[in-house]
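Visitor: Pasting a predicted model and its sequence here:
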Amino acid sequence: MEYNLADLFESVVDVIPDREALVYIDHPGTGAERRLTYAELDAAANRLAHHLIDSGIKPGEHLGLHLYNGVEYLQTVLACLKARVVPVNVNYRYVEEELVYLYRDADLAALVFDGEFTARVAAALPRTEKLRHLVRVGTPPAGAPSLDAVSYADAEAAGSPERGFTGDRSPDDLFIIYTGGTTGMPKGVMWRQEDLFFSGLGGGAPTGEPVERPEEIAERVAAGGDGITFFPTPPLMHGTSTLTAFICFNFGQRLVIHRKFAPEEVLRTIEREKVTSMSLVGDAMLRPLIDALNGPCKGTDLSAMFSVSSSGAIMSETVRAQFAALAPNVMLLNNFGSSESGFNGTATDDSGPDKGFRLRVNARTQVVDPGTYDPVPVGEPGRIAQRGHVPLGYYNDPKKTAETFFQRGDERWVLLGDMATVDGEGIVTVLGRGSQCINTGGEKVYPEEVEQALKSHPDVYDALVAGVPDERWGNRVAAVVQLRDGAPALDLATIQTHCRTRLAGYKIPRAVVFTDHIQRSPSGKADYRWAKAVAAGGRVT
């Protein structure tokens, strides 16, 4: 046995077949749900894996998952791993041109898609020559174009529930995570499964002891581990939620998922299912939960929950304090990681607007000079990098791979886009994404720092910051601000006065646009292209 994700999952199934593995809750308010034990989830994945093999999908070929959250999403990922087919996530918000790009860039041979997306798939299909097998979940809406697709139910029914797969699984089998980030076209991060296990799926043990043998996973599960329920609330089509799901499965725990994020339903599920650990993405998800706890869900029993973690965007100090007042016994963890690195570290307790986003990083993470790759001196800015179990590169993009991955001695490294400094104790302070850094009159401003200051104002619900052209300074700092419902109108002067108590003068927004809604991805990640376009219309001082 090796560090292959299908082998690891099956080893867990064999020791706890009757333990509940997955609870899926459909549209809020319908009451529709599905519950599967580890044995039932394994058999369901076997059925689809056999269908893929019988349909001519070969080991090493790529299958896209163009789906909302559901049993079918995780069942399909597991089926791919069992059949040695490479799973590829597809952002369900993409429209025709974006889908054509991703389907082609990823060289998809097969696609499992939600019936709701039939029209988009049909529009993209004529320009995706390698895509030859379609499986549709559910029914298409009325008037949708006809597609030569197998229904998921029929595909599942046709496949054997037994394992019996031929071919040698390997720790070198690929797992590809497409990441759109905050700018540019999506890129497919190529992970060896062994590297992904140790970097993003709990094998490296950010808490506890690292796994030393693949057989150890089942041994640990057999020895205990029941009573933990994970609830990843962002879409599974973003890497962080799928990785959370597999951390849960690898350690024999229970997973709860919703089709879509609905704050009141999330809280009711936490209470009913006695959720112990929830993951989300920053203030964009935590704030609506706070509003619900102060409103229709006041009094929700959160006593089973011991942690809420965020990755992809930070929970600001102001919002963390609001939630802590409502759930004082719940740990709030700002985790740091990426599709290219897995898990890097967790924010210190003193992170905040005054000291910045400070991290205790793992032993494989350093801040380096992006030109020489040498560690930077204490207090000097550099880029975060990680060594050891890192991806092979970006699929179909040798140029970007060469810019992002490098070799130092016998070890492979990945150079992340985040700028940071390190202090004498090894604590890393994240400054922000280098690509979003605003150069105003020679001074560098990182949007995340200004956003934290803005969101500390009691009437600000959400904010994004971008640089817009300025004849004198090259760029100026501009803010897009969403006020709380019922909050009084604010103006630029009020925003600036508030920020001056927290930021140096050159970081103060010189323009502001107030909007009814801040545009983010379904997982809560910032859309900086949108923010830059909106901010360009702001008032200037």
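Guide: Done, it's in. The structure presented is a predicted model; accordingly, all values stated were derived computationally and were not measured. Residues are numbered from 1 along each chain as shown.

Visitor: which outside residues touch the lengthiest helix in the chain?
Guide: Counting residues, the longest helix in the chain under DSSP state H turns out to be helix 38-54. Helix 38-54 is contacted by residues 9-10, 12-13, 16-22, 36, 63, 71, 74-76, 78-80, 82-83, 85, 110, 133, 135, 150, 152, 155-163, 165, 252 when judged by C-beta atoms under 8 Å, 6 or more residues apart in numbering. No exception for glycine: its C-beta is placed from N, CA and C like everyone else's.

Visitor: And the helices in the stretch 301-450 of the chain, which stretches?
Guide: Using DSSP state H, counting those that start in this stretch, the helices of the stretch 301-450 of the chain run over 317-326, 398-404, 447-455.

Visitor: Could you export those to CSV, including columns for distance to N91?
Guide: CSV is the format used below for these (distance: least, C-beta to C-beta, whole Å):
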stretch, distance to N91
helix 317-326, 26
helix 398-404, 18
helix 447-455, 22
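
Visitor: winner for burial among those?
Guide: helix 447-455 (a mean of 24; mean count of other C-beta atoms under 10 Å).

Visitor: For that one, give the mean pLDDT please.
Guide: If you average the pLDDT over helix 447-455, you get 88.

Visitor: Excluding chain neighbours, what is closest to M419?
Guide: L431 (4.2 Å; C-beta to C-beta, 6 or more residues apart in numbering).

Visitor: Now do the same for the one you found: its pLDDT.
Guide: 84.

Visitor: OK, contacts around M278?
Guide: 230-233, 266, 270, 305, 307-309.

Visitor: Skip the chain neighbours and tell me the closest residue to the residue nearest in space to the middle of the chain.
Guide: Centrality entry for the chain: nearest residue to the mean C-alpha point is T240, 3.2 Å, by C-alpha atoms, centre = their mean. Residue nearest to T240 in three dimensions, not counting chain neighbours: S311, with 5.1 Å by C-beta to C-beta, 6+ apart.

Visitor: likewise L99?
Guide: Per C-beta to C-beta, 6+ apart, closest to L99 is A124, 4.2 Å.

Visitor: where does the one you found sit relative to R472, distance-wise?
Guide: In this view, A124 and R472 are 45 Å apart by C-beta to C-beta, to the nearest Å.

Visitor: Put the alpha carbons of stretch 165-178 into PDB.
Guide: Only the C-alpha atoms of stretch 165-178 are listed here, as PDB (Å, rounded to 0.1, in the frame of the first residue of the first chain):
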ATOM      1  CA  PHE A 165     -10.300  -2.500 -10.300                       C
ATOM      2  CA  THR A 166      -7.300  -3.500 -12.400                       C
ATOM      3  CA  GLY A 167      -4.100  -1.500 -12.800                       C
ATOM      4  CA  ASP A 168      -1.600  -0.300 -10.300                       C
ATOM      5  CA  ARG A 169      -2.500   2.700  -8.400                       C
ATOM      6  CA  SER A 170       0.400   5.000  -7.500                       C
ATOM      7  CA  PRO A 171       1.300   7.900  -5.300                       C
ATOM      8  CA  ASP A 172       2.200   9.600  -8.600                       C
ATOM      9  CA  ASP A 173      -1.400   9.500  -9.800                       C
ATOM     10  CA  LEU A 174      -2.500  13.100 -10.400                       C
ATOM     11  CA  PHE A 175      -5.100  15.300  -8.800                       C
ATOM     12  CA  ILE A 176      -5.600  18.700 -10.500                       C
ATOM     13  CA  ILE A 177      -7.000  21.800  -8.800                       C
ATOM     14  CA  TYR A 178      -8.000  24.700 -11.100                       C
END
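
Visitor: which stretches of the stretch 51-200 of the chain form strands?
Guide: Using DSSP state E, counting those that start in this stretch, the strands of the stretch 51-200 of the chain run over 62-66, 86-89, 108-114, 133-137, 150-151, 174-179, 187-192.

Visitor: list the buried ones in the worst-scoring helix or strand of the chain on mean pLDDT?
Guide: The helix or strand of the chain with the poorest confidence is strand 443-445; it has a mean of 80 (mean pLDDT, DSSP states H and E). Using 16 or more other C-beta atoms under 10 Å as the test for burial, strand 443-445 gives V445.

Visitor: again, but for stretch 40-55
Guide: Applying a neighbour-count criterion of 16+ other C-beta under 10 Å, one finds 40-53, 55 buried in stretch 40-55.

Visitor: do stretch 12-24 as well
Guide: Within stretch 12-24, the residues scored as buried using 16+ other C-beta under 10 Å are 12-13, 15-16, 19-24.

Visitor: Let me see the contact set for the residue nearest to R360 when sequence neighbours are not counted.
Guide: Of all residues not flanking R360 in the chain, G345 sits nearest, at 5.3 Å (C-beta to C-beta, 6+ apart). Counting by C-beta under 8 Å, 6+ apart, G345 touches 335-336, 359-362, 365, 428.

Visitor: Tabulate the residues you listed (CSV), appending neighbour count, distance to D491 and pLDDT.
Guide: Shown next, in CSV, are these (neighbours: other C-beta atoms under 10 Å; distance: C-beta to C-beta, whole Å; pLDDT from 0 to 100):
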residue, neighbour count, distance to D491, pLDDT
N335, 18, 36, 90
F336, 25, 35, 87
L359, 24, 36, 88
R360, 17, 40, 89
V361, 21, 40, 87
N362, 19, 45, 84
T365, 24, 42, 91
V428, 26, 37, 93
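
Visitor: who touches stretch 379-388?
Guide: If you take C-beta under 8 Å, 6+ apart as the criterion, stretch 379-388 is touched by 198-199, 341-342, 344, 361, 364-370, 373, 375-376, 408, 411-423, 428, 430-431, 434.

Visitor: do that again at 7 Å, thanks
Guide: 341, 344, 364-370, 376, 411, 413-416, 418-421, 428, 431, 434 (C-beta atoms under 7 Å, 6 or more residues apart in numbering).

Visitor: so how far is H517 from V450?
Guide: Counting by C-beta to C-beta, the gap from V450 to H517 is 20 Å.

Visitor: can you map out the helices along the stretch 51-200 of the chain?
Guide: Under DSSP H, counting those that start in this stretch, the stretch 51-200 of the chain gives helices at 71-83, 96-105, 118-124, 152-158, 193-200.

Visitor: how about the nearest residue to the most far-flung residue of the chain relative to its centre, chain neighbours excluded?
Guide: The centre of the chain is farthest from one residue, R472, which by C-alpha atoms, centre = their mean lies 38.6 Å away. In this structure, R472 finds its nearest non-sequential neighbour in G441, 7.7 Å apart by C-beta to C-beta, 6+ apart.

Visitor: now do S309
Guide: Distances taken as C-beta to C-beta, 6+ apart place L333 nearest to S309, at 4.2 Å, with adjacent residues excluded.

Visitor: low pLDDT regions in the chain?
Guide: Applying pLDDT under 70 to the chain picks out residues 27-31, 181-184, 205-208, 225, 352-354, 522-524, 538-541.

Visitor: How is it divided into domains?
Guide: Listed by automatic domain parsing, the domain ranges of the chain are 5-211, 348-388+396-433, 437-535.

Visitor: among the ones you listed, which is nearest I290?
Guide: I290 lies closest, by C-beta to C-beta, to one member of the domains of the chain: domain 437-535, at 10.6 Å.

Visitor: got the end-to-end distance for the closest one?
Guide: In domain 437-535, first residue to last residue: 15 Å (C-alpha to C-alpha, to the nearest Å).

Visitor: Now for Y103, how many residues are close by?
Guide: The tally of other residues near Y103 (other C-beta atoms under 10 Å) stands at 25.
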